[in-house]
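J.: Could you work out the structure for the sequence below:
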Amino acid sequence: MKIQVSSDLLDGLVLALLDKQDYYGYSLTQDMQKAISISESTLYPVLRRLKNNGLLETYDQSYQGRNRRYYRITNSGEEHLGRVKKMWSDYKVSLDSIFEKNREGE
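T.: Next up is the predicted model:
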């Protein structure tokens with residue numbers, strides 16, 4: 001069973017990874033796939049949206065004669081990440097209270 005990830009949570013996951021280091025697209029997809037099932041075709045529109053909203057920025061760097069586009073979190077992105085983490089924490093506590101309540105009643 002796969003649990004659907006909302007766009008808010010997806011944004012938060014991308015920003016959380018970028019908060020640790022800058023990434024180029026393929027590498028970011030690989031690290032995201034360690035946590036959730038996501039394809040590059042799903043991730044790139046997310047990256048464009050985050051960039052258009054000023055939450056991340058890009059720069060190009062040469063690698064083996066080719067350009068790689070790197071993504072970096074902005075100050076606004078860090079602030080947004082803080083809000084997403086708070087929403088996730090509240091949501092997790094809410095869900096845990098239901099799951100734990102059901103376990104105690106078993």
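J.: the helices in the chain, which residues?
T.: Assigned helices in the chain, in chain order: 7-20, 25-32, 40-52, 75-104 (criterion: DSSP state H).
J.: quick one: average pLDDT of the longest one?
T.: Model confidence over helix 75-104 averages 89 on the pLDDT scale.
J.: list the buried ones in that helix?
T.: Using 16 or more other Cβ atoms under 10 Å as the test for burial, helix 75-104 gives Gly77, His80, Leu81, Val84. Using the backbone N, CA and C atoms, a C-beta is placed for each residue, glycine as well.
J.: Go through the residues you listed and name the one nearest Ser7.
T.: Within the buried residues of helix 75-104, proximity to Ser7 (Cβ to Cβ) peaks at Val84, which comes in at 10.8 Å.
J.: so who does that closest one touch?
T.: Counting by Cβ atoms under 8 Å, 6 or more residues apart in numbering, Val84 touches Asp8, Leu9, Asp11, Gly12, Leu15.
J.: May I see the ChimeraX selection of the buried members of the residues you listed?
T.: Buried subset of the contacts of Val84, written as a ChimeraX selection, criterion 16+ other Cβ under 10 Å:
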select :9,11,12,15
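J.: returning to that earlier point: quick one: which of the buried residues of helix 75-104 is nearest to Ile98?
T.: Scanning the buried residues of helix 75-104 for proximity to Ile98, where the rule is Cβ to Cβ, the winner is Val84, at 21.4 Å.
J.: where does the closest one sit relative to Ser41, distance-wise?
T.: Distance, Val84 to Ser41, by Cβ to Cβ, to the nearest Å: 23 Å.
J.: Equivalent analysis for Asp19, please.
T.: Distance of Asp19 to Ser41, computed by Cβ to Cβ: 24 Å.
J.: between these two, which one's more packed in?
T.: The residue with more neighbours, out of Asp19 and Ser41, is Asp19; 14 against 8, by other Cβ atoms under 10 Å.
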